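*Asks:* Can you look at this prediction? I've put the sequence above it.
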Amino acid sequence: MSILICIKIHTRTSIFDIFGVVLYRINHRISINIYILILYIILYIILMTRKLLIVFDIDETLIQYIPNKYVDLWESKKSLFPTDSYIEETNSEGKKTVIIFRPKLRQMMQLFKDDPFFVPALWTYSERDYSNAIANVIIDHFQLPQDIFLFRYGAEDIDEGTGIPKDLEQIYQNFPQFNKFNTILVDDRYGNINNESNINNGLCIQPFAPFGPEKVRENLPPKEFDKQLKDNIFESVIKIAQQIKKDIKGCDDEDYDAAFSTESVFSEKRVKRMKLDVFYQTFAVKFTQVVSIGTPFLTNKFILIENYDKYPKKMGGRKTQKNKKNKNKRTNKLQ
């Protein structure tokens, strides 16, 4: 008996993509059970080559970093945090810094460790050294494989020529096995998602900021601080990732190839198909201040925003060189 399974190397995805048929010869016949088994093997190989890339921001997404000058603030609340939810480090100058891990980070990273379908990566606005340092801290603390992160990008990896922060198109070029169909960016700053490359592949999440989302750390009101301690955002991230997995593995080979570079993970059609509508929210991006009396006629493109002045003016996204320099100091303290 001879069985030939036709396989081609898919240059676009750099993976084995079965596209042929099974040829067989046993007096021109083959057991139906063997034939079904072969088809199952082919299907298994196809599905195992499909993966989801999840690119994470670092600060206020995975962790909150407490520099030395705010350690006293940390000490005043330290007893309220579980002992395995943070690490304290002292550098060569005797200055203490703290890294607080977002709740459920352990469970999420364990999922990535156990299921090779999920491929995590890091991209921060700080320097690449900081990205490497935080990656190593997470790996050591949660006992993960050294190569669990596909890459650890920093500010140096942002193409200043395009003007696009954390441009996913750069990733598609560097790692052609990933594209719009199987890549998402998880970030707490809308400014990193609000561009043509990322808008339909971005998952904008609530900041993890027990000491405030701004650079200057502060005591939060008790209700807001308690909300941070009980943060469960990663439970939803895991749920969304599992739904994306079902969607990707549910596609036949032809549909997968056709959608690979054209159908974004969070396109409206696909969000509905994955039954993730509950996470679909509408935000106003640009505001127009108009002198008015009473309430004008409102539409879905003209909405009255009350208490406009109470919101911070910053949208996130690109940080100044000054901020980058400050974050570079963090890297030195972590080494």
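*Replies:* Structure received. Numbering: from 1, shown residues only.
*Asks:* where's whatever helix or strand Asp226 lives in relative to the chain centroid, distance-wise?
*Replies:* Using DSSP states H and E, Asp226 maps to helix 222-229. Centre-to-centre, helix 222-229 and its host chain are 24 Å apart (CA atoms, centre = their mean, to the nearest Å).
*Asks:* could you say what helices and strands that helix packs with?
*Replies:* On a contact count with 3 or more CB pairs under 8 Å, 6 or more residues apart in numbering; DSSP states H and E, helix 222-229 meets no helix or strand. Heads up, the C-betas are built off the backbone N, CA and C, glycines and all.
*Asks:* Name the nearest residue to Thr90, sequence neighbours excluded.
*Replies:* Lys96 (5.1 Å; CB to CB, 6 or more residues apart in numbering).
*Asks:* Now for that neighbour: which residues touch it?
*Replies:* If a contact means CB atoms under 8 Å, 6 or more residues apart in numbering, then Lys96 has Asn68, Val71, Glu88, Glu89, Thr90 as its contacts.
*Asks:* Which parts of the stretch 151-300 of the chain are strands?
*Replies:* With DSSP state E, counting those that start in this stretch, the ranges of strands along the stretch 151-300 of the chain come out as 152-153, 183-187, 202-204.
*Asks:* got those strands as TSV, with distance to Asp59, mean neighbour count and mean pLDDT columns?
*Replies:* Converted to TSV, the strands of the stretch 151-300 of the chain look like this (distance: least, CB to CB, whole Å; neighbours: other CB atoms under 10 Å; pLDDT from 0 to 100):
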stretch	distance to Asp59	mean neighbour count	mean pLDDT
strand 152-153	14	20	98
strand 183-187	10	25	97
strand 202-204	15	21	94
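*Asks:* In CSV: the ones you listed, plus distance to Leu52.
*Replies:* Output for the strands of the stretch 151-300 of the chain, formatted as CSV (distance: least, CB to CB, whole Å):
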stretch, distance to Leu52
strand 152-153, 18
strand 183-187, 7
strand 202-204, 12
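*Asks:* I'd like to know which of those lies nearest to Lys78.
*Replies:* strand 183-187 (27.4 Å; CB to CB).
*Asks:* contacts for the closest one?
*Replies:* By CB under 8 Å, 6+ apart, the list of residues contacting strand 183-187 reads 52-57, 61, 123, 166, 168, 171-172, 192-193, 198, 201-205, 237, 244, 265-266, 316.
*Asks:* In its sheet, which strands sit next to it, and in what direction?
*Replies:* Using DSSP bridges, strand 183-187 pairs in its sheet with strand 52-56 (parallel), strand 202-204 (parallel).
*Asks:* Filter the contacts of strand 183-187 down to just the buried residues.
*Replies:* 52-57, 61, 123, 166, 168, 171-172, 192-193, 198, 201-205, 237, 244, 265-266, 316 (16 or more other CB atoms under 10 Å).
*Asks:* one step back: could you dump the helix holding Asp226 to CSV, C-alpha only?
*Replies:* This file holds the C-alpha atoms of helix 222-229, laid out as CSV (Å, rounded to 0.1, in the frame of the first residue of the first chain):
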residue,chain,number,x,y,z
PRO,A,222,-11.3,54.3,48.0
LYS,A,223,-14.0,53.2,45.5
GLU,A,224,-11.7,53.5,42.5
PHE,A,225,-8.8,51.8,44.3
ASP,A,226,-11.0,48.9,45.2
LYS,A,227,-12.1,48.6,41.6
GLN,A,228,-8.4,48.3,40.6
LEU,A,229,-7.8,45.6,43.2
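*Asks:* Format the contacts of Lys96 as CSV; extra columns: secondary structure and pLDDT.
*Replies:* CSV is the format used below for the contacts of Lys96 (DSSP: H, G, I helix; E, B strand; the rest coil; pLDDT from 0 to 100):
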residue, secondary structure, pLDDT
Asn68, helix, 95
Val71, helix, 96
Glu88, strand, 96
Glu89, strand, 94
Thr90, strand, 92
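*Asks:* now the residues you listed: which count as buried?
*Replies:* For those, buried by 16+ other CB under 10 Å: Asn68, Val71.
*Asks:* Looking at the contacts of Lys96, which is nearest Phe118?
*Replies:* Closest to Phe118, out of all of the contacts of Lys96 and judged by CB to CB, is Glu89, at 28.5 Å.
*Asks:* Quick one: residues in contact with the helix holding Asp226.
*Replies:* Counting by CB under 8 Å, 6+ apart, Lys77, Leu80, Phe81, Pro103, Phe208, Ala209, Pro210, Asn219, Leu220 sit against helix 222-229.
*Asks:* how does it look with 7 Å?
*Replies:* Residues outside helix 222-229 that contact it (CB atoms under 7 Å, 6 or more residues apart in numbering) are Leu80, Phe208, Ala209, Pro210, Leu220.
*Asks:* For those, which PyMOL command selects only the ones that are buried?
*Replies:* Buried members of these can be picked out in PyMOL with the line below, counting by 16+ other CB under 10 Å:
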select buried, resi 208+209+210+220
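*Asks:* how about TSV for the contacts of helix 222-229, with pLDDT and distance to Arg128 added?
*Replies:* Output for the contacts of helix 222-229, formatted as TSV (pLDDT from 0 to 100; distance: CB to CB, whole Å):
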residue	pLDDT	distance to Arg128
Leu80	97	33
Phe208	96	22
Ala209	96	24
Pro210	97	26
Leu220	95	31
